[in-house]
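Q: show me the folded form of this:
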Amino acid sequence: MLRRLLFWTVLILCVAPFSFGQSADPGGKASPTPPGPGSQSAGIGSNSTQADVAAALHPAPSALPEAIRHYRRGEFDAAIQSYNAVLQENPKSPDAYAGLTRVYLKQKEVDQAYDAATNGLKVTDSPTVHVALGEVYFRQGKIPEAEHEWITVVNTGYPSARAFWGLFRVRTSLSLYKQAKETLDKAHDLDPSDPDIQKSWVGSLSRAEQIKFWEEYLASPTNDDAETRADMQHHLDFLKASQNQPRHPCRLVSHVPSTETKLVRILTDPTHLHGYGLAVSLNEKKGELLLDTGAGGILIDQTLARKAGISQISETDIGGIGDKGRSGGYVGFADSVKIGDLEFQDCRVSVLEKRSVLGGDGLIGGDVFSHFLVEIDFPGEKLRLSPLPKRPDEENAEVTLQTAKDGSGDDSPGKTDTDIIAKPSPTSRRGPRDRYIAPEMESYTQIYRFGHSLLIPTRMGEPTPRLFLIDTGSTLNLMSLKAAETLTKVRGNSNMHIRGLSGSVDKVYTADKAVLQFAHLRQENQDVTTFDLSHLSDRMGTEVSGVLGFTTLRLLEMRIDYRDGIVDFTYKPQR
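A: Below you'll find the model as predicted:
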């Protein structure tokens with residue numbers, strides 16, 4: 001599932017210079033190393049497990065299985081009524097409070113979910129409710145707090161499948177893929193019937209088994225929203241259409257392990273620079289694609305697709321910023337993709353069935369180069385791709401262009417893209433590997449990776465960092481309306497027009513002065529563009545409080561190690 005976060009505006013903001021003052025490194029504190037299975041637990045009292053045991057000894061009223069059934073069928077109002085009926089019978093039911101929490105999360109009512117979990121903990125210090133609270137924290141962007149809740153429950157010995165599944169989500173976001181696979185296996189062993197666990201687990205199956213799973217899953221009512229079900233159906237259609245075709249690893253065929261190529265300017269109009277892109281050849285047909293770290297894979301418009309002879313394999317939907325819904329498109333394969341001195345073959349490409357809103361011929365996500373160290377030198381207008389540091393025990397691996405999540409042409413649906421580690425990469429004989437921080441990269445900042453999206457802890461005058469998307473495809477820095485209203489004054493701005501792949505944004509606001517601190521950089525921003533980013537947060541599965549856009553990133557040389565989830569920035573003042 002390709003999430004496109006692309007937009008342009010009719011105004012270009014001025015960028016204040018960076019200052020290199022002392023600031024805390026949010027990467028280190030935001031991503032604590034989890035304690036081992038035998039480490040000391042804290043936070044849940046010894047009576048918590050006893051509370052759940054007591055609940056098990058007294059069978060739940062009949063409303064509880066009914067509530068679970070309503071919840072899994074997406075009948076949320078009925079589920080709430082049933083869970084409240086359980087609480088009438090047993091006011092301390094941990095299952096009812098945890099169930100209500102998850103219903104509200106599915107309804108995208110995050111504040112109500114938090115209230116349900118914390119109210120539950122006031123009457124029962126139960127691992128079941130602590131696990132549900134962890135799910136709220138994760139959705140709020142409080143990933144360390146979520147991790148703490150789940151680790152504490154696991155360390156008590158309480159067999160919670162969803163605690164292990166939660167840790168799977170955290171480990172994946174931290175590029176700890178081996179640990180993530182282990183926690184997902186444990187979650188599946190404890191409760192293979194949980195739909196969320198099933199959807200993460202299915203990526204480890206063969207293509208035929210995946211087809212069978214998705215056919216059966218989509219044949220029944222689920223609690224997924226309409227957009228997510230559409231993604232699942234498109235994924236199933238792609239699996240069926242490509243099941244008799246060979247795998248498409250988008251392999252490197254040139255004998256050049258690294259390259260440097262010039263960035264090309266992509267204009268919003270004749271006088272305004274939208275961003276930088278790459279000159280790319282698809283099947284010997286040239287095009288210019290916006291280099292967009294906020295997007296995934298390769299997306300081209302139908303004009304370039306026709307010239308390059310990209311045939312349709314299956315349909316898909318393509319969306320991004322905007323309030324007008326997603327656009328139709330299709331998936332195909334390019335026999336050849338040339339970028340600089342590199343040539344790749346058999347690469348997946350998505351095609352937008354309307355004229356691109358970008359000004360170029362499409363876009364290319366930064367994650368396409370995730371098997372390389374990606375150096376984007378905006379001031380020098382260059383892109384450099386070089387080999388990633390070799391792990392101490394690693395042999396030479398085949399280099400590929402990452403145009404699908406697992407490198408095979410399969411593109412699994414899911415809001416957080418956490419299923420990407422369930423299946424080993426075809427270039428790895430040892431299965432999933434945890435991140436490796438080479439000695440020369442110890443100064444890099446750790447980020448959270450959600451599929452193609454890179455979220456960096458960013459402070460806005462608060463002690464606790466929030467998560468911002470690193471997005472070279474966004475013209476402006478952005479702040480979510482929810483974050484802006486808690487930090488500064490917000491006013492409507494009818495003169496600002498924002499448009500993306502999902503059309504225009506209906507309501508745009510301006511927030512007063514905001515100071516952004518990320519990595520070792522600090523920047524003051526006046527009149528920050530603000531609008532509702534809740535759809536982006538819902539799709540990501542965690543709160544996205546803002547976007548670091550091109551007006552900031554154009555002053556930097558960026559180094560991105562997608563494999564290990566780390567980034568580095570060097571400020572280069574423009575002459």
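Q: mind listing what's buried along the top strand by length along the chain?
A: With DSSP state E setting the assignment, residue counts place strand 327-339 as the longest strand in the chain. In terms of neighbour count (16 or more other CB atoms under 10 Å), strand 327-339 has its buried residues at 327, 329-334, 336-339. Where C-beta positions appear, they are placed from N, C-alpha and C, glycine not excepted.
Q: quick check: domain ranges of the chain?
A: What the record gives for the chain is the domain set 7-27+440-571, 33-242, 251-429, from automatic domain parsing.
Q: just put these in a markdown table and tack on mean pLDDT.
A: A markdown table is the format used below for the domains of the chain (pLDDT from 0 to 100):
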| stretch | mean pLDDT |
| --- | --- |
| domain 7-27+440-571 | 80 |
| domain 33-242 | 89 |
| domain 251-429 | 79 |
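Q: list phi and psi for the residue nearest the centre of the chain.
A: Compute the mean C-alpha point of the chain, and by CA atoms, centre = their mean the closest residue is residue 450, 2.6 Å away. According to degrees, to the nearest 10, the main-chain angles of residue 450 amount to phi -120, psi 90.
Q: bridging residues for it?
A: Note on residue 450: beta-bridge partners by DSSP bridges are residue 453.
Q: tell me the helix or strand right after the lengthiest helix in the chain.
A: Longest helix in the chain by number of residues, with DSSP state H as the criterion: helix 226-242. Note on helix 226-242: by DSSP states H and E, the next helix or strand toward the C-terminus is strand 251-252.
Q: quick check: next helix or strand after that next one?
A: In the C-terminal direction, the helix or strand that comes right after strand 251-252 (DSSP H and E) is strand 259-262.
Q: okay, buried residues for that following strand please.
A: Within strand 259-262, the residues that qualify as buried are residue 261, counting by 16+ other CB under 10 Å.
Q: equivalent analysis for stretch 339-346, please.
A: By neighbour count with 16+ other CB under 10 Å, stretch 339-346 contains the buried residues 339-340, 342-346.
Q: then stretch 220-235?
A: Those would be 222-225, 227-228, 230-235, for stretch 220-235 by 16+ other CB under 10 Å.
Q: neighbours of residue 283, just the number please.
A: Residue crowding around residue 283 was assessed by other CB atoms under 10 Å; the count is 17.
Q: residue 177 versus the nearest residue to it once chain neighbours are set aside, what's the distance?
A: The shortest distance from residue 283 to any residue that is not its chain neighbour, by CB to CB, 6 or more residues apart in numbering, is 4.2 Å, and that residue is residue 308. Counting by CB to CB, to the nearest Å, the separation of residue 308 from residue 177 is 33 Å.
Q: equivalent analysis for residue 157, please.
A: Using CB to CB, we find residue 157 at a distance of 26 Å from residue 177.
Q: all strands of the stretch 401-550 of the chain, in order?
A: Under the criterion DSSP state E, counting those that start in this stretch, the stretch 401-550 of the chain contains strands at 445-446, 448-450, 453-459, 466-470, 478-480, 490-492, 498-500, 503-504, 509-511, 514-518, 521-525, 528-531, 546-548.
Q: re earlier: helix or strand right after the longest strand of the chain?
A: Going down the chain from strand 327-339, the next helix or strand is strand 342-352, by DSSP H and E.
Q: list just the nearest of the buried residues of stretch 220-235 to residue 479.
A: Taking CB to CB as the measure, residue 227 is the one of the buried residues of stretch 220-235 closest to residue 479, at 24.3 Å.
Q: and the buried residues of stretch 339-346, which two are furthest apart?
A: The two members of the buried residues of stretch 339-346 with the most space between them (CB to CB) are 340 and 346, at 18.9 Å.
Q: what secondary structure does residue 217 sit in?
A: In three-state terms, and counting by DSSP: H, G, I helix; E, B strand; the rest coil, residue 217 is helix.
Q: next up, the contacts around it.
A: Contact analysis of residue 217 by CB atoms under 8 Å, 6 or more residues apart in numbering lists 195, 198-199, 232.
Q: can you do 7 Å?
A: Shown in contact with residue 217 (CB atoms under 7 Å, 6 or more residues apart in numbering): no residues.
Q: one more: residue 78?
A: Taking CB under 7 Å, 6+ apart as the definition of contact, the neighbours of residue 78 are residue 70.
Q: for the helix or strand that contains it, C-alpha coordinates in PDB please.
A: Using DSSP H and E, residue 78 falls within helix 76-89. Extracted in PDB, the C-alpha atoms of helix 76-89 (Å, rounded to 0.1, in the frame of the first residue of the first chain):
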ATOM      1  CA  PHE A  76     -19.300  -0.200  17.300                       C
ATOM      2  CA  ASP A  77     -22.400   1.300  18.800                       C
ATOM      3  CA  ALA A  78     -23.700  -2.200  19.700                       C
ATOM      4  CA  ALA A  79     -20.300  -3.100  21.100                       C
ATOM      5  CA  ILE A  80     -20.300  -0.100  23.400                       C
ATOM      6  CA  GLN A  81     -23.700  -1.000  24.600                       C
ATOM      7  CA  SER A  82     -22.700  -4.600  25.300                       C
ATOM      8  CA  TYR A  83     -19.500  -3.600  27.100                       C
ATOM      9  CA  ASN A  84     -21.500  -1.100  29.300                       C
ATOM     10  CA  ALA A  85     -23.800  -4.000  30.100                       C
ATOM     11  CA  VAL A  86     -20.800  -6.000  31.200                       C
ATOM     12  CA  LEU A  87     -19.800  -3.100  33.500                       C
ATOM     13  CA  GLN A  88     -23.300  -3.100  34.900                       C
ATOM     14  CA  GLU A  89     -22.800  -6.700  36.000                       C
END
